[in-house]
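Visitor: Please work out how this folds:
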Amino acid sequence: MKLGEKIKVVRLLNGEGQRELAYFMGMKAPSHLNRWEQGVAVPRAPMLQKLGSLLNINWPWLLDSSMEFIKGDYVSFRPLSPYSDYTSRWLTLLPQELAELLPHFFDELRFEQYWRFDAPCNGGIIIASKPSLKCMIVCRPELHPFLAPSTPNCKTLTISDHEFSEQLFRLGMTQVLFERCGISSVKAERSPPSSPLAQVTLKLSAKIPTDTNLSVLKKKIQQHIDYLIETEKLLESECSISVNPAKSSNVFIAELVAGKNMKKLAGLLTDVGDGRH
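Guide: Got it, this is the predicted structure:
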């Protein structure tokens, strides 16, 4: 696979759109990321390092396929989180684009064995394995029918809707599923909550400026809550957000009235409005 294809397939496996990933990387627009994926431009090493950190992979693999894909022997992906809503456009694009790239991704990592767990709800789980790496992809019903045919020479097994939901929401079936595939030496990436008593409640309060991109902020908060649900046994979440003006009303009015050539007057007006004189 080319560099751009690698970036794209791992981005899709992580369920990230170009716009969201560009935002997390500190870019003003996703145009650079799009150029990387199209092979028109090549990111510099610092940006590759950011990509590796955000996508949870070993970034040198993007440049050299002989390098390890991750630090460890097990990786799991859930392209569509059960805790998030998605646009109809994203639910159309993601399955098609990921289904096209997934066979090349499997070949690139040289997996040797494949398993597919199908649930009655049309959701499912795909597992790819080789001695040094095991990969699990948990697919919601919107995604699994597209990815299932992309799995080469796989052994098809069944899983109940309850078991599928347990894995989709809590990753609680990881070890059981690996054992069904004859993989017993892999430790679960995350442990499910041991009991409801161990679960906790999160209350979040934040103040943001008016120039914040609310749609991106919402997704970022949801991703953090999603992560806490899995890792910290989060039971309930309460989020309160208040919007603060990016500038005080005095500063805004002074700039509006004064213009570029009267900055000193704007400063004086601001000081007077704030009660400094």
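
Visitor: I'd like the distance from Glu37 to Pro120, if you could.
Guide: In this view, Glu37 and Pro120 are 36 Å apart by Cβ to Cβ, to the nearest Å. (Glycine included, C-beta is placed from N, CA and C.)

Visitor: quick one, what contacts Leu3?
Guide: Trp36, Gly39, Val42, Leu62, Leu63 (Cβ atoms under 8 Å, 6 or more residues apart in numbering).

Visitor: State the pLDDT value of the closest residue to Gly15 other than its chain neighbours.
Guide: When the adjacent residues along the chain are set aside, Gly15 lies closest to Pro79, with 4.4 Å between them (Cβ to Cβ, 6 or more residues apart in numbering). At Pro79, the model reports a pLDDT of 95.

Visitor: For Pro79, give me its contacts.
Guide: Leu12, Leu13, Asn14, Gly15, Leu94, Leu98, Ile137, Cys139, Leu143.

Visitor: Check the contacts of Leu3 and tell me the two furthest apart.
Guide: Gly39 and Leu63 (13.6 Å; Cβ to Cβ).

Visitor: low-confidence ranges in the stretch 101-250 of the chain?
Guide: For the stretch 101-250 of the chain, applying pLDDT under 70 flags the ranges 185-220, 222-250.

Visitor: in it, which spans are helices?
Guide: Counting by DSSP state H, counting those that start in this stretch, the stretch 101-250 of the chain has helices at residues 144-147, 161-170, 174-180, 214-231, 249-258.

Visitor: can you give me the strands in this structure?
Guide: Taking DSSP state E as the criterion, the chain contains strands spanning 74-77, 113-118, 124-130, 133-139, 155-158, 200-209, 234-244.

Visitor: Could you measure from Trp90 over to Cys121?
Guide: Distance, Trp90 to Cys121, by Cβ to Cβ: 20 Å.

Visitor: List the beta-bridge partners for Lys134.
Guide: Per DSSP bridges, the residues bridged to Lys134 are Tyr74, Ser129.

Visitor: hang on, isn't it packed against Ile70?
Guide: No. Between Lys134 and Ile70 there is no contact under Cβ atoms under 8 Å: 10.5 Å.

Visitor: Same drill for the two, tell me which one is more crowded.
Guide: Neighbours were counted for Lys134 and for Ile70 using other Cβ atoms under 10 Å; Lys134 has more, 22 against 16.

Visitor: need the contact list for Lys155.
Guide: By Cβ under 8 Å, 6+ apart, Lys155 lies in contact with Gln113, Tyr114, Trp115, Arg116, Cys181.

Visitor: What is the most widely separated pair among these?
Guide: Within the contacts of Lys155, two members stand farthest from each other by Cβ to Cβ: Gln113 and Arg116, at 11.4 Å.

Visitor: Comparing those two, which residue is more hemmed in?
Guide: Just comparing Gln113 and Arg116: by other Cβ under 10 Å the higher neighbour count belongs to Arg116, 22 against 15.

Visitor: Which residue lies closest in space to the more buried one, excluding its sequence neighbours?
Guide: Cys154 (4.6 Å).

Visitor: hmm, back to that, relative to Leu93, how far out is the residue nearest to Gly15?
Guide: Distance from Pro79 to Leu93, counting by Cβ to Cβ: 12 Å.

Visitor: do the same with Glu112
Guide: Relative to Leu93, and taking Cβ to Cβ, Glu112 is found at 30 Å.

Visitor: same deal with Phe77?
Guide: For Phe77, the distance to Leu93 (Cβ to Cβ) stands at 17 Å.

Visitor: Comparing those two, which residue is more hemmed in?
Guide: Between Phe77 and Leu93, Phe77 has the larger neighbour count (other Cβ under 10 Å), namely 18 against 13.

Visitor: For that one, list the residues it contacts.
Guide: Shown in contact with Phe77 (Cβ under 8 Å, 6+ apart): Leu13, Asn14, Cys135, Met136, Ile137, Val138.

Visitor: Tell me how far it lies from Pro120.
Guide: Using Cβ to Cβ, we find Phe77 at a distance of 22 Å from Pro120.

Visitor: Repeat that for Asn153.
Guide: Here the criterion is Cβ to Cβ. By it, Asn153 lies 24 Å from Pro120.

Visitor: between these two, who's got more neighbours?
Guide: Pro120 (10 against 7).

Visitor: And for that one, nearest residue in space, chain neighbours not counted?
Guide: Of all residues not flanking Pro120 in the chain, Asp161 sits nearest, at 5.5 Å (Cβ to Cβ, 6+ apart).
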